[in-house]
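Engineer: build the 3D model from these lines:
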Amino acid sequence: MKKITSLLVMFLMVAATAMARDRVSRDINSLPDAARQVINTHFKGKGVNHIKIDDKTFGGAEYDVVLNDGTEIDFDSKGNIKEIDCGKNPVPDALILKPIKDYVAKNFKGQKIVGMEVNRNNYEVQLSGGMELKFDRAGNFLRVDN
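Structural biologist: Alright, predicted model coming up:
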């Protein structure tokens, strides 16, 4: 009986490991509709270098997209943006809440938002000068993060 239990446990561990592997694709059609729309609308002409699809056991897949210019965009299973890193390029204005854009323009003249993380309760934005700012979900400034 011990051998059967041990074999069953080993089989389940191997199966779980095999299921947890990421898949890699270059096909934009492997993304949810909302994610495709973001790329086609705001990153037109950049092209997809690769997409890492992280199949979660529960909660659906997550998608890490790298564009040909080095921009990285992470999407949840529904195609909502989780994080954007545009390197030295600015994040497209249409993807940033107006209060956040206005705050940065007023208080950090000459700085561009080059990265953004969307969390359940807040936004974290990275400026071209390296500073990170935190805002609530309505776009109200909370603090400077280091």
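
Engineer: helix or strand for Ile39, which one?
Structural biologist: For Ile39, the element it lies in under DSSP states H and E is helix 33-42.

Engineer: identify the residues contacting that helix?
Structural biologist: For helix 33-42, contacts defined as C-beta atoms under 8 Å, 6 or more residues apart in numbering pick out 28-29, 31, 46, 48, 63, 65, 67, 73, 75, 78-81, 92, 94-95. Glycine gets a C-beta too; all of them are placed from N, C-alpha and C.

Engineer: ok, now stretch 58-71?
Structural biologist: By C-beta under 8 Å, 6+ apart, the list of residues contacting stretch 58-71 reads 30-32, 35, 39, 43, 46-56, 72-79, 82, 84-87, 89.

Engineer: mind doing that once more with 7 Å?
Structural biologist: Where contact means C-beta atoms under 7 Å, 6 or more residues apart in numbering, the residues beyond stretch 58-71 that reach it are 31, 35, 39, 43, 46-56, 72-77, 85-87, 89.

Engineer: about what we covered before: pull the distance from the helix holding Ile39 to the chain's centre.
Structural biologist: On the basis of C-alpha atoms, centre = their mean, to the nearest Å, the separation between the geometric centre of helix 33-42 and that of its chain is 13 Å.

Engineer: go on, stretch 112-120?
Structural biologist: The gap between where stretch 112-120 is centred and where its chain is centred comes out at 9 Å by C-alpha atoms, centre = their mean.

Engineer: next one: stretch 89-100
Structural biologist: Centroid separation for stretch 89-100 versus its chain: 15 Å, with C-alpha atoms, centre = their mean.

Engineer: ok, the closest residue to Leu95 other than its chain neighbours to Asp136 distance?
Structural biologist: Nearest in space to Leu95, with sequence neighbours left out and distances taken as C-beta to C-beta, 6 or more residues apart in numbering, is His42 at 6.0 Å. Between His42 and Asp136 the computed distance is 23 Å (C-beta to C-beta, to the nearest Å).

Engineer: just to revisit the earlier point, what pLDDT does the residue nearest to Leu95 get?
Structural biologist: His42 carries a pLDDT value of 96.

Engineer: got it, and the one 3 residues further on?
Structural biologist: Each residue has a pLDDT score; the one for Gly45 is 90.
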